[in-house]
Structures are given as structure tokens and as C-alpha cells.
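Asker: here is a sequence together with a model predicted from it:
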Amino acid sequence: AVALQVADFHARAARASPGSEFATPEAAFFPVAENFDTLRPVISNPDSAAQLNRLEQWSREQYALLHARLAKRGAAGWVRECHGDMHLGNMALIDDAVVIFDGIEFNDRMRWTDVLGDVGFLAMDLDDRGLPAHANRFLSSYFERTGDYAALPLLNFYRVYRAMVRAKVAALRLGQELTTVEHDQVLEEYHSYADLAERFTRPTSPVLCITHGLSGSGKTTVAGLVVERYGMLRVRSDVERKRLYGLTSSAKSGSAINEGIYDAQATHDTYARLADIAETALRAGFSVVIDAAFLKAWQRRLFAELAARLDTPFAILDIEVPLPRLRERLARRQAHGGDASEADLAVLERQLVNRDPLADDELGSRCVVRADVPDIEAALGTLMGQQA
């Protein structure tokens, strides 16, 4: 719910014009450098000072690498009038709805930022609170809503920046009159944020997973569990297919089987789009699970070859459900409505006839998931552990 609220807020937010002072890479880096300038005189412990120097060097190197991307995003309107201080302390649950408050109104420089400034702050804060599954779910849902996967290379830059904002807030309290206990608590808070920031700078070893299963088999549910347990981003074919044709995820296309947005060319375009997103994410250091049927050999081969080219571990989550259960689920989903998938019983029957079974050379990457068992998550954890 928070991810959708933030994404929709960003979609409505005013955009900085390309010539605006806020839309430049220099404007993006100014508060990053300011954090280190403020912290340097305050942090005297040699180990902490060395860590601060490492974080500053990493931030400057990332800024140099991302300079052109930041400029491009500024020109494209991704710098917007954002919240500016979007952490959990500025959110409340009122009548079962999340209310986000206390946006920064007094400082234009802090409020006008790339949307990833808000996203990175909340994702970082969830991690800091010991809620990595929530952070993963938030990030995956936000990007699924916005389609802004091109921003992924910026995510850790902004997570580090936002962690150091909170570290700075803690460190400045060290200059106040504090009891010994209070001083130790504030110092621990600073170290916690600095350590978290450094964790975001470490290289990762991303993996690529694809689902494989008939309509109604629970691919989206399984992929969602993978997101939370393994920190992946879920990319849904149903959502991206509709985005390609200017439709929202819940819109009905009115297309018949093998026609309109479901004809052969549209399907090729959709899987090409999914592969582009996967490559962007993997190159940025993020693991991905592609939520699609992958019933044709060429679709699976496209991603196996991508993983091989990027030297990335690859897994096929082969989701099995008894056929009567599939038919029951599809009938129920069709009656309920609201899902991005438009698959019905006619689609299922066509899939049963036209699917390509996994080939012998694909079985080494296969993880069988029984999506009809009571504890899918436990089964998935065991299987993914075996695959790893």
C-alpha cells in the first residue's frame, strides 16, 4: 500500500524543468557532499574516520559514474517536488491507512530531488529497522507500479546518501549535553547508520530466476515470496505487456487469444522488454525474478543466454499444480476480476496444447515448486537452498 501511494504521489508531483537548478547532477551531489563536510569535524575515532573516508570516496566515485545518468534523468523530468524526508518516523497508521506527513516545505533543495531520493530513504529505513522483507516488497512494488527500472543503478547511491543523513542527525546530537548512557546510545545510532551505508556499497552477486507454469499456477505468489525471502525484484509479464501498450495493469485489453496485445509480435516484444529490465537490474547488482509463463523454449532460452552472457546464476522455478486446481483458480479469478492477468479457461486449454516441455539441458536449472501445498514458503526455501 505504501509503495502504490508513493508511486502515485510521484506520478502527480510537479516536475523540475530541464533547465532548473534542481535538475542537474551537481544539485543531486550537493547534499551528499554536505553530509561528509558536516560529519568530518565531528567524527574523531580513527576507525570511524576511516569508514567515513571510505564512504565519501565511494560516493564520489559513484557520482562520477552516474553523472550522465543523473543529467539524463533531470532532463527527462524525474527530478520532482518530492516529500524529501520519507522515513517511517513521518508515517502513521490511521484507520488502517498509511498517512505520510511532514514533507519538507522549508527547503527547496531538499524537496526537489530525483524520485529515487524518496524511494531510497524509505527502503533504507526499513532495512535499518530490521525489516528487509518489507524493504524488498516496497522496492519491488514501487518499480512494478512505475516501470522506472532504468533508475536501479541510482538506488544504492541514494540509499547510502539517506543513511548518512540519519548518521549526521545522530552525530550532531553528540555535541549536546548528554548523559553517558545517552551519549553511548547516540553513538551506537551513528555507527548503525554508517555500517548500513557501507553495506550498501559492497559488491553483490545477483541471480536471475524465471517462473515456469500454466496460468493460475501461482507464479505471482511464488515470485512474491522470492522477493521477500531473497531480496529480488519481481518483474511481471502481465504488467509490462500492458505498459508497452499504454494500459494500466488492471485494464482489460479486449484482446482475444493470439490477437491484439497477445499476438505473436506483442509476445516477442513483451519478453524482449522483460529481458531488457532483467539486464538493467543485474548490471546494477540486483537479483531478479521474472514472473511469466515461459511455456515456449525460445522464451526460456532468451533468459538463459542473458544469464550466461552476464555470468549470472540462473534458476527456473517450475511451478506445478494439479489441473483441476488450475481450472478452479482461473474461474474464481475471472469472476473476481482486478488482476493484471487476463488468462481464462480458454487460454489454459491452449497452453496445454502448445507448451514446450523443459528440455534435458534445462533440467539442471530447474527447481520444482508445488504451489498447492499449505506451506509454499517453506518448500520454496528448501528448494532454493538446494539450487544455490
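Answerer: Alright, I've got the coordinates.
Asker: quick one: low-confidence ranges for the stretch 201-350 of the chain?
Answerer: 337-340, 342-343 (pLDDT under 70).
Asker: now stretch 164-175: buried residues?
Answerer: Met164, Val165, Arg166, Ala167, Lys168, Ala170, Ala171, Arg173 (16 or more other CB atoms under 10 Å). For glycine as for every other residue, the C-beta is placed from the backbone atoms N, C-alpha and C.
Asker: got a list of contacts for it?
Answerer: For stretch 164-175, contacts defined as CB atoms under 8 Å, 6 or more residues apart in numbering pick out 31-32, 35-36, 38-39, 42-43, 55, 87, 121, 124-125, 128, 183, 186-187, 189-190, 193-194, 197.
Asker: give me the distance between stretch 233-251 and the centre of its chain.
Answerer: 15 Å (CA atoms, centre = their mean, to the nearest Å).
Asker: before we move on, back to that, take the buried residues of stretch 164-175 and lay them out in a markdown table including distance to Arg60, secondary structure and pLDDT.
Answerer: Compiled in a markdown table, the buried residues of stretch 164-175 are given as follows (distance: CB to CB, whole Å; DSSP: H, G, I helix; E, B strand; the rest coil; pLDDT from 0 to 100):
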| residue | distance to Arg60 | secondary structure | pLDDT |
| --- | --- | --- | --- |
| Met164 | 13 | helix | 98 |
| Val165 | 17 | helix | 97 |
| Arg166 | 20 | helix | 97 |
| Ala167 | 17 | helix | 97 |
| Lys168 | 17 | helix | 97 |
| Ala170 | 23 | helix | 95 |
| Ala171 | 20 | helix | 94 |
| Arg173 | 26 | helix | 90 |
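Asker: just put those in a markdown table and tack on distance to Ala92.
Answerer: Listed next are the buried residues of stretch 164-175 as a markdown table, based on distance: CB to CB, whole Å:
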| residue | distance to Ala92 |
| --- | --- |
| Met164 | 26 |
| Val165 | 21 |
| Arg166 | 19 |
| Ala167 | 25 |
| Lys168 | 25 |
| Ala170 | 23 |
| Ala171 | 27 |
| Arg173 | 24 |
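Asker: among the residues you listed, which one sits closest to Leu93?
Answerer: Checking the buried residues of stretch 164-175 against Leu93 with CB to CB, the nearest one is Arg166 at 21.7 Å.
Asker: burial count for Gly285?
Answerer: 16 (other CB atoms under 10 Å).
Asker: next: Ala13.
Answerer: 18.
Asker: quick one: residues contacting it.
Answerer: Per CB under 8 Å, 6+ apart, neighbours of Ala13: Arg80, Glu81, Cys82, Val115.
Asker: same thing but at 7 Å, please
Answerer: Ala13 is in contact with Arg80, Glu81, Cys82, counting by CB atoms under 7 Å, 6 or more residues apart in numbering.
Asker: quick one: which of those is the most crowded by neighbours?
Answerer: Cys82 (25 neighbours).
Asker: in space, what's closest to it - neighbours in sequence excluded?
Answerer: Asp118 (4.7 Å; CB to CB, 6 or more residues apart in numbering).
Asker: and if you look at Ala197?
Answerer: Ala163 (3.8 Å).
Asker: and Leu93, by the same measure?
Answerer: In space, Leu93 is closest to Val99, 7.6 Å off (CB to CB, 6+ apart).
Asker: check Gly120 too.
Answerer: Per CB to CB, 6+ apart, closest to Gly120 is Tyr158, 3.1 Å.
Asker: shouldn't the residue nearest to Cys82 be within a helix?
Answerer: Yes: counting by DSSP: H, G, I helix; E, B strand; the rest coil, Asp118 is located in a helix.
Asker: and it, what does it touch?
Answerer: By CB under 7 Å, 6+ apart, the contact list for Asp118 reads Val6, Cys82, His83, Met86.
Asker: for the lengthiest helix in the chain, which residues meet the burial criterion?
Answerer: As assigned by DSSP state H, the longest helix anywhere in the chain is helix 46-76. Judged by neighbour count using 16+ other CB under 10 Å, the buried positions of helix 46-76 are 48, 51-52, 55-56, 58-59, 62-63, 66, 69-71, 73-74.
Asker: what do you get for stretch 195-213?
Answerer: Of the residues in stretch 195-213, those buried (16+ other CB under 10 Å) are 196-198, 200-201, 206-213.
Asker: from the opening residue of that stretch to its closing one, how far?
Answerer: 41 Å (CA to CA, to the nearest Å).
Asker: do the same with stretch 108-121
Answerer: Taking CA to CA, stretch 108-121 runs 17 Å from one end to the other.
Asker: so for that stretch, mean pLDDT?
Answerer: Regarding stretch 108-121, the rounded mean pLDDT is 96.
Asker: tell me how far it is from the chain's mean position?
Answerer: 17 Å.
Asker: buried stuff in it?
Answerer: Met110, Arg111, Trp112, Thr113, Asp114, Val115, Leu116, Gly117, Asp118, Val119, Gly120, Phe121.
Asker: make CSV out of the residues you listed and add distance to Lys242.
Answerer: Shown next, in CSV, are the buried residues of stretch 108-121 (distance: CB to CB, whole Å):
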residue, distance to Lys242
Met110, 35
Arg111, 32
Trp112, 31
Thr113, 29
Asp114, 26
Val115, 22
Leu116, 24
Gly117, 28
Asp118, 25
Val119, 22
Gly120, 27
Phe121, 29
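Asker: just those now: which is nearest Glu328?
Answerer: The nearest one, if we look at those relative to Glu328 and count by CB to CB, is Val119, at 38.0 Å.
Asker: quick one: the closest one and Ser140 touch, right?
Answerer: No: in this structure, Val119 is not within contact of Ser140 by CB atoms under 7 Å, at 11.5 Å.
Asker: distance of Met124 relative to Trp78?
Answerer: 19 Å (CB to CB, to the nearest Å).
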